[in-house]
Structures are given as C-alpha cells and as structure tokens.
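Novice: here are the coordinates; sequence isn't available:
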Ligand SMILES: [Zn+2]
Ligand SMILES: [Zn+2]
C-alpha cells in the first residue's frame, strides 16, 4: 500500500480532513461490534413498521404494498410543541420546536434492505420522497426538510425493517447551511456551481468514481471523512429531489441501489450507514440556492467488518476529521464489489 499522509480540503464543508492512512498497521484499539445478526423474518408480528401491526400510538398500519408514510409517534419536532416559550437569559435565544417528523417504510417486507429492493422499488421510494417534499412545502412551520436513514445497530437502530425518517424543521440543518454558504461564495467567485466542480475534479482523477447510470453519478469524494463515504447525485444542478424529472429520478434510483448493493457485498453483511439527502431549504430565494446542488451522502460508521470508527479528540474535541483510510483504496474496494447482491439467488 502506498503511504498516504496529508491534509485534504473539504470544499463543501470548508474544513481540512487529515488523511493518515500510513497508520493502518498500528495496533487496533477500537470497539468491536457484535457479529452479524441472524436473518430477520419477512414479517414480524412485534414490529411497529410491518403492515397490519399496531404502533405505540394505538394506530394500526394499513396493509400497504409499496412505501408507507406516517407521522412519527415520538416526534422530535411537531405541531404540538409549545409555542409560548419563556425567553432565556442574556444573549441566549430559543424558538418553538415545531415542524413535522415522519417515518417512511421502504417496503412491507421486514427483511429487505435498500440494496435488496428492485430498481422499481427504489424509484417508488424516491417518488415518495418527491411527494413528501411537495406536500411539506405547504406547512407554515416548515422551512427545511432533512430526509435520512440510520441503518444498523451501530447507528442506534435495532429494527431491521427498511425505513427512513423525515425531519421537517423551522431551521436549516448546520451541514446544509455550511454547504449553502460555501456554494454561494464559490458562485460569487467563479460563476460556477461548487458541486459541479467537485464532480469535474472526480472525473479528472477518475479513481474514486464508483458508478455512473445515465444522469446520475456515485463517487467516494477526494475529501472523504469516513472510510467508504460515498456521494450519489444527479448530474444536473437542482435544489431538491422534487425537481428531478422521471428519467433523472430513475437514474438516481439505479445509482443509489448500486451503491447500497456494493456496501452489502463488501463484507457479505448488511452494511451500516447514515444516509442523508442534502437539499436546499424550501422557499429559498433563487440567489440563495444558485450555488447549491442536491446530493445524497452515505456516512458509514465502520472502517472494517465489526470495527467502529470512533469519533474522539479530533472530531468531537476539535471538529476536524482524522481519516485512517485512503479514499482511493476504499473506492477501489467498492468498485470491485459490484452486484448482484450477495444474498440474491443466481438468476
Ligand atoms: Zn417490520
Ligand atoms: Zn452535502
């Protein structure tokens, strides 16, 4: 392995990433997570997401056949949050935790992952996200929508039923706010969209591009903070997923599924990740979002099978990431892990 010891600039977050892949041979002192869980059943009578089951609120899930969306029974933001707040002392500020929190089930099947849906199944999910974006536009309490999936027990999710969450909030989440500012600055300085320049640089190098499907691309960015960190994006600059046409949405679905299959194939186990859609705020002005480009980010917490990447001094204490792996090497592993999915039966 080539020694990799340098700092790389993260243009979207405007911060340095320390890449110190030469330390890989040092004695490991991280957490070892439990080995692979047993395969779940197709239907689990105790699962609050399976069709026909009752949830904690008493509501009963319908006998849904594709995706299913419901308001989170334990919302972190919601219409019932108190609107009359006591002002805090001095310079401190508060505001009501209003908004909308929802859950989206990907499939009635309890035992599949995003990687095991068909392209049609993933496309239906993306269509559901588009519909949610359009519907949430009408909520006065909502100015921003974060769609994300926590997958795997290491991300705190013990229920394997494939689902994601929607946090529709009255503020813009910090990473996206940072990307908006960086994009605006780049636009002012160069007249170009920052994310387009990132894609151009990835093409120029070529080693970290995982897959291209028509109008969609997937790559491990040069500035990856996590091992196997992967971005999936349409080639056209749009603010949110709602702006994609049917063809672009299907290409994105194909690329998203392709990446999820490679993740699972890597170690022949359901691969944990945090996946987030980075979208422009709703009702943002044109100039606000001109430099922005909708994309999906995968942040995998494992660096090796069963070995968790701890966030510690540099990341939590200082705010910059220390990466022990070379993005080029991790991309090569994903490129070699192409489908079909390891659990699929041969055609
Ligand atoms: Zn279930
Ligand atoms: Zn982003």
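Specialist: Looks like it came in fine. These numbers come from a predicted model, not from an experiment. Numbers count the residues shown, from 1 in each chain. Ligands and ions are numbered 1, 2, ... in the order given.
Novice: Kindly report the residues of the stretch 101-250 of the chain close to ligand 1.
Specialist: Within reach of ligand 1 by Cβ under 5 Å from the ion, the stretch 101-250 of the chain has these residues: 110, 161. C-beta: built from backbone N, CA, C; applies to glycine.
Novice: where does the stretch 101-250 of the chain have low pLDDT?
Specialist: Scanning the stretch 101-250 of the chain for pLDDT under 70 picks out nothing.
Novice: Show me where the stretch 51-200 of the chain has its helices.
Specialist: Assigned by DSSP state H, counting those that start in this stretch, the stretch 51-200 of the chain shows helices spanning 119-136, 174-190, 194-205.
Novice: Name the residues that touch the shortest one?
Specialist: By Cβ atoms under 8 Å, 6 or more residues apart in numbering, the surrounding residues in contact with helix 194-205 are 11-12, 182-183, 186-187, 190, 208-209, 217, 219, 221-222, 233, 235, 237, 291-293, 295.
Novice: if we can go back for a sec, among the helices of the stretch 51-200 of the chain, which is the most enclosed?
Specialist: helix 119-136 (a mean of 18; mean count of other Cβ atoms under 10 Å).
Novice: Which residues are in contact with residue 277?
Specialist: Counting by Cβ under 8 Å, 6+ apart, residue 277 has contacts 129, 146-148, 241, 294-296.
Novice: Tell me the buried residues within the contacts of helix 194-205.
Specialist: Using 16 or more other Cβ atoms under 10 Å as the burial test, these include 11-12, 182-183, 186-187, 208-209, 217, 219, 221-222, 233, 237, 291-293, 295 as buried.
Novice: Mind checking which of the residues you listed land in strands?
Specialist: 209, 217, 219, 233, 295 (DSSP state E).
Novice: which residues sit in contact with residue 117?
Specialist: When contacts are counted by Cβ under 8 Å, 6+ apart, residue 117 touches 106-107, 125, 162, 257.
Novice: give me that answer again for 7 Å
Specialist: The neighbourhood of residue 117, defined by Cβ atoms under 7 Å, 6 or more residues apart in numbering, consists of 106-107, 257.
Novice: Can you get me a residue count around residue 336?
Specialist: Residues near residue 336, counting by other Cβ atoms under 10 Å, number 10.
Novice: coming back round to it: pipe the helices of the stretch 51-200 of the chain into TSV and attach distance to residue 21 per row.
Specialist: As requested, the helices of the stretch 51-200 of the chain are exported to TSV (distance: least, Cβ to Cβ, whole Å):
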stretch	distance to residue 21
helix 119-136	32
helix 174-190	24
helix 194-205	17
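Novice: do you know which of the ones you listed lies nearest residue 310?
Specialist: Nearest to residue 310 among the helices of the stretch 51-200 of the chain is helix 174-190; the distance by Cβ to Cβ comes to 20.2 Å.
Novice: residues in contact with that closest one?
Specialist: Contacts of helix 174-190 (Cβ under 7 Å, 6+ apart): 11-14, 192-194, 278, 288, 290-292.
Novice: at 8 Å instead, please
Specialist: Helix 174-190 is contacted by residues 11-14, 144, 146, 172, 192-195, 197, 278-281, 287-293 when judged by Cβ under 8 Å, 6+ apart.
Novice: where's residue 71 relative to ligand 1, distance?
Specialist: Applying Cβ to the ion, to the nearest Å, one obtains 18 Å for the distance of residue 71 from ligand 1.
Novice: And that residue, what's its pLDDT?
Specialist: At residue 71, the model reports a pLDDT of 97.
Novice: Thought residue 100 was touching it, still the case?
Specialist: Yes. Contact criterion Cβ atoms under 8 Å: residue 71 and residue 100 qualify, at 7.1 Å.
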